[in-house]
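[1] Turn this into a structure:
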Amino acid sequence: MQIQGGFWMHAFLVELPDTPGSLAGLSAGLADRGINIAGIAAATCGGVGTVGLITNDEETTRSVLSGRGDTFRETDLVSASLENKPGTLANATRRLADAGVNIDFVAPTGMEGNKMTLAIGVDNAEAARQALGELAAVGM
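    Predicted coordinates for the structure are as follows:
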């Protein structure tokens, strides 16, 4: 994915089989094309996994995933900076829910002092930024 203005714009949500080597094949396919994975979150359930990826080259990532025949979709990203204490994630996600924003993906992208920065994949980035207010990190 291309970073626009120094910030990530999308994440890729990729379906993979829950079998040994699935993630290795995906990450090798991206690496072979010079793509850096800047953020990742993954889980499996019922024999299928979903991997959320933030990369440094959106166009080439899309090409690799399509070429491999992967089932994937993209989601817009916003960033939130949350204090490292109970309830801050609940507050942020409640703000999004109350604004009618659906969350597709969440991954930590950094920690500075007592604040964690999260990349949040959403169905409406502008509404998400407005709903997060002061929690929205600059740039996404």
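[2] make it CA atoms for all contacts and neighbour counts henceforth
    OK.
[3] tell me the contacts of residue 102?
    Taking Cα atoms under 8 Å, 6 or more residues apart in numbering, we find residue 102 in contact with 96, 122, 123, 124.
[4] For those residues, please prepare a markdown table with the additional fields secondary structure and pLDDT.
    As requested, the contacts of residue 102 are arranged in a markdown table below (DSSP: H, G, I helix; E, B strand; the rest coil; pLDDT from 0 to 100):
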| residue | secondary structure | pLDDT |
| --- | --- | --- |
| 96 | helix | 98 |
| 122 | strand | 97 |
| 123 | coil | 96 |
| 124 | coil | 95 |
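[5] Around residue 110, count how many other residues there are.
    By the criterion of other Cα atoms under 10 Å, residue 110 has 12 neighbours.
[6] Distance check, the closest residue to it other than its chain neighbours against residue 94.
    Of all residues not flanking residue 110 in the chain, residue 117 sits nearest, at 5.1 Å (Cα to Cα, 6 or more residues apart in numbering). Distance of residue 117 to residue 94, given as Cα to Cα, to the nearest Å: 17 Å.
[7] can you give me the strands in this structure?
    Along the chain, the stretches classed as strands by DSSP state E are 10-17, 37-45, 48-55, 71-83, 103-112, 115-122.
[8] related to what we said a few turns ago, who's the residue nearest to residue 110 bridged to?
    Applying DSSP bridges to residue 117 yields these beta-bridge partners: residue 81, residue 110.
[9] Give me the pLDDT value at it.
    We have a pLDDT of 93 for residue 117.
[10] Alright, that wraps it up for me.
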